[in-house]
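Enquirer: predicted model, plus sequence, below.
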Amino acid sequence: MSARQIIDLGGTWRFRLDPRDFGEHFPDELNITHTYDARWMGVDYDDAKWNQIQVPACWQTEGYAYNGIAWYRTSFPTPINADQSKRVWLQFDGVDYFADVWLNGRYLGSHEGFFGGFDFDITPYLQAKNQLTVRVDSPRNMPGEENEIGQLKTIFKGALERWDVNDSEVSPGGIWNDVKLVVTGPIRIERMKIQAHPLSLPPMGTPDTPVEAHLMIEAELSLAANHSPTETQITFSIAPTEDAVSIFQKIETITLLPGHQTARFEFKLSEMHLWWTWDLGKPNLYKLYLTIGDSGSPQDQIEQIFGVRKIERRAGWETYLNNVRFFQRGANYLSDQFLSLMTPERYATDIKLLKEANLNTVHPFCVVEKQEFYDQCDSAGLLVYQDFPIWLMASNTSNFVRRAMGQAKEMIRQFGHHPSIGIWTYGSQPSRANFEKLCSALVTVAQREDPTRIIHQANALFAFKEHHDADSQRSFRWLPEYGIQVQQSYDWRLDCHLYFGWYEDEFTDLRNVPKEWLQLITEYGAQSFPKRSTLESFIDPEGLFPPDWPQYARRCSQIKRQIERVSLSEDLDQYIAATQEYQAKLVRYHTEFYRRHKFRPCNGAHVFCFNDCWPAITWALVEYDRKPKKAYYALQQSMAPLQVFLDRDELEPVVGQSQMIPLCAVNDFPYEYPGGIVYCEITGPDSEVNTTELHCDIPAVSIVDLDPIAWKPEKPGNYIIKLTYHHQDKTLAENSYSVVVNA
């Protein structure tokens, strides 16, 4: 038998709503008419008339449109029978939101938070047959029907509750992730922390070069209280995930006292391969097997994936991965409002779409996804900009901050082994009051728990207009001068949301933003309609067109802005196409603008948002059924790691007047391309073609301003300017523009 046995408790459980919170009442607290219905956690309580529900699942997916208190009950036989040498732990991988747990009528404890796993040692309380009861309280924290201004959140659910892109009337609840029994010997490995630091880094362009690495391993161990101090062995084995052949083995002898303790070990390993994003190299991964117990009688064993990499932020948002400067080509992401619906297969589809869009960064928006998501980011070579799950304004009481600090610590400890997670971020458009207290406290936690990552206090939306509400407590907008102030007082780095072309002015007005505000852009985008069949799935036939705007608004459509940007067409299909065309143009303009400002000073851009988390009308580039819209392909082209751009802002052609076409080449790869040729092919309104060649060298991880090309259009009309980059007889980049020449 394995040193650790896992028993899944998932399946059909008993379930009952408790909107009036009666379940914990004692009989003498109830009217005589209800005394029989007290103490729902009791061993002898009769739950035969309760409903049945599947676990794991958000209860909304099981047909319960409800927020509040609900109870779960199930039973299981003891997994250890008469074996007194075994210990059993009851482990929950995710309960949304507050959980209270009883076993055989005995209260075990409580937990807050949707994403964190938690467990209890149930060995002393086991019987031949065991009754497990869980009380779940999933409150509806903020009314989704009301404007968010002034709403101060009091729980940490981020984008899973009231948000611009999800069902604002839904806040998921229930035992949404796995429940299991973990059986070990008297010694248990409760948690393992790995920090893998490269002691040297390879030269640019040689990502496969092996390096020496320093490993620090902390093992939190637990010896049963009824045991004497015990001398035992702890065995380490490390193997690449690809071939599972061990490259390192070590046995240490330690003495454990009854109770909990932490053992720390440090090793140096040679010939280790670095973890890279897919565009910079290979995402090399290793698996550490940790076994406690003497040879032949292991007590417990766990395994954990890790990678060797160094990520750092230097001046401003200058980001370096293994000493290679890095441009974040990213997207905001929430897989599904009901995380219980996500499977490894669905995550694999999303990862594939992200990479095929040429993105190297994914930004889980105010949500913590399942472990499987981060596992796949590790393997795929996607960097994760990880939000703490809170959006906009929140309570700022000290008690709320203390609760937040506990969840921040839990997040780092449970997800911190993933090499893909490169950035912890602790506020998404917070109020100024939250930034200075709540977000600052969370940064303090992260700095203590995890010095190996970039720790970022918040991203921000600025009040560029006089009418914007910038109240310090009740608003999520900051005055621009405040953004300058906190760079000095909090070492904050500019991380902005720029919605030119949707909330602000025209998208071409982006060129007027002071360049220092472009260090990192973590939101930009515009809404568009999904395809007709998606609309037909949630809009009544008579409300499709002309649009019944209340029905559209209920699915996140921002009616006023949509009509301002795209005037209504004659029929629905035309309007769908027009909104998707506008979204694609805006996404392309923004993306190319940020790429053309690479490192001067822009260090990345995250489009908002990648996918729909329910069938809706949003900023998503990919619909809920994972079918891309037109803007997805615009992003794909604009985010190509190697691409050639022209500056549309400097191009105002007029018939008969000479015009210089400004061009640049952007290379995010760690390889140089010497001796290449850029072809600029201009096709006129009469299909005449004029081609110019530019010979150029493109260094690794660079942006190169190319010699401008002289152009004197002879006729008015529409011209197509096609740019291609050729290197060693291969076409490595293509881009094209439609340009109207006026008379």
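Expert: Received it, and whenever you're ready, just let me know what you need.

Enquirer: where do the helices of the stretch 301-450 of the chain begin and end?
Expert: Along the stretch 301-450 of the chain, the segments classed as helices by DSSP state H, counting those that start in this stretch run 344-356, 371-380, 398-415, 432-434, 440-449.

Enquirer: tell me what the last one is packed against?
Expert: For helix 440-449, the contact count by 3 or more Cβ pairs under 8 Å, 6 or more residues apart in numbering; DSSP states H and E identifies helix 398-415, strand 454-456 as packing neighbours. All C-beta spots, glycine's among them, are computed from the backbone N, C-alpha and C.

Enquirer: with respect to T425, which of these lies nearest?
Expert: With distances scored as Cβ to Cβ, the stretch of those nearest to T425 is strand 454-456 (4.5 Å).

Enquirer: format the helices of the stretch 301-450 of the chain as CSV; extra columns: distance to Q386 and mean pLDDT.
Expert: Formatted as CSV, the helices of the stretch 301-450 of the chain follow (distance: least, Cβ to Cβ, whole Å; pLDDT from 0 to 100):
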stretch, distance to Q386, mean pLDDT
helix 344-356, 15, 98
helix 371-380, 9, 98
helix 398-415, 8, 98
helix 432-434, 18, 95
helix 440-449, 10, 98
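
Enquirer: deepest of the ones you listed, which one?
Expert: Comparing those by mean neighbour count (mean count of other Cβ atoms under 10 Å), helix 432-434 ranks first with a mean of 23.

Enquirer: what's the first helix or strand after the longest helix along the chain?
Expert: In the chain, with assignment by DSSP state H, the single longest helix is helix 572-596. Using DSSP states H and E, the helix or strand that follows helix 572-596 towards the C-terminus is strand 604-607.

Enquirer: now for the helix or strand encompassing T534, which elements pack on it?
Expert: Using DSSP H and E, T534 maps to helix 532-536. Here helix 532-536 touches helix 572-596, going by 3+ Cβ pairs under 8 Å, 6+ apart.

Enquirer: strands of the stretch 101-250 of the chain, residue ranges please.
Expert: Along the stretch 101-250 of the chain, counting by DSSP state E, counting those that start in this stretch, strands occupy 106-112, 118-121, 129-138, 174-175, 179-184, 187-198, 211-223, 230-240, 248-256.

Enquirer: let's have these in CSV, adding mean neighbour count and mean pLDDT.
Expert: Formatted as CSV, the strands of the stretch 101-250 of the chain follow (neighbours: other Cβ atoms under 10 Å; pLDDT from 0 to 100):
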stretch, mean neighbour count, mean pLDDT
strand 106-112, 15, 98
strand 118-121, 18, 98
strand 129-138, 21, 98
strand 174-175, 30, 98
strand 179-184, 22, 98
strand 187-198, 19, 96
strand 211-223, 19, 97
strand 230-240, 17, 96
strand 248-256, 13, 96
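
Enquirer: let's have these in JSON lines, adding distance to G501.
Expert: Formatted as JSON lines, the strands of the stretch 101-250 of the chain follow (distance: least, Cβ to Cβ, whole Å):
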{"stretch": "strand 106-112", "distance to G501": "40"}
{"stretch": "strand 118-121", "distance to G501": "45"}
{"stretch": "strand 129-138", "distance to G501": "37"}
{"stretch": "strand 174-175", "distance to G501": "40"}
{"stretch": "strand 179-184", "distance to G501": "47"}
{"stretch": "strand 187-198", "distance to G501": "42"}
{"stretch": "strand 211-223", "distance to G501": "45"}
{"stretch": "strand 230-240", "distance to G501": "46"}
{"stretch": "strand 248-256", "distance to G501": "53"}
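
Enquirer: closest one to R626 among those?
Expert: strand 174-175 (24.9 Å).

Enquirer: elements contacting the closest one?
Expert: Checking 3+ Cβ pairs under 8 Å, 6+ apart, strand 174-175 ends up next to strand 95-96, strand 129-138.

Enquirer: who does that strand pair up with?
Expert: strand 95-96 (antiparallel) (DSSP bridges).

Enquirer: ok, and what's touching the partner strand?
Expert: Where contact means Cβ atoms under 8 Å, 6 or more residues apart in numbering, the residues beyond strand 95-96 that reach it are 58, 111, 114, 134, 136, 138, 157, 160, 172-177.

Enquirer: from these, pick the one nearest S738.
Expert: Closest to S738, out of all of the contacts of strand 95-96 and judged by Cβ to Cβ, is L160, at 41.1 Å.

Enquirer: who's in contact with the closest one?
Expert: D96, F114, N166, S171, P172, Q337, L339, V367, P389.

Enquirer: would you turn those into CSV with pLDDT?
Expert: What follows is those, written out as CSV (pLDDT from 0 to 100):
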residue, pLDDT
D96, 97
F114, 97
N166, 95
S171, 96
P172, 97
Q337, 98
L339, 98
V367, 98
P389, 98
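
Enquirer: mind putting the residues you listed in JSON lines, distance to I189 included?
Expert: Formatted as JSON lines, these follow (distance: Cβ to Cβ, whole Å):
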{"residue": "D96", "distance to I189": "27"}
{"residue": "F114", "distance to I189": "25"}
{"residue": "N166", "distance to I189": "38"}
{"residue": "S171", "distance to I189": "35"}
{"residue": "P172", "distance to I189": "31"}
{"residue": "Q337", "distance to I189": "35"}
{"residue": "L339", "distance to I189": "27"}
{"residue": "V367", "distance to I189": "29"}
{"residue": "P389", "distance to I189": "28"}
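
Enquirer: thanks again, I'm all set now.
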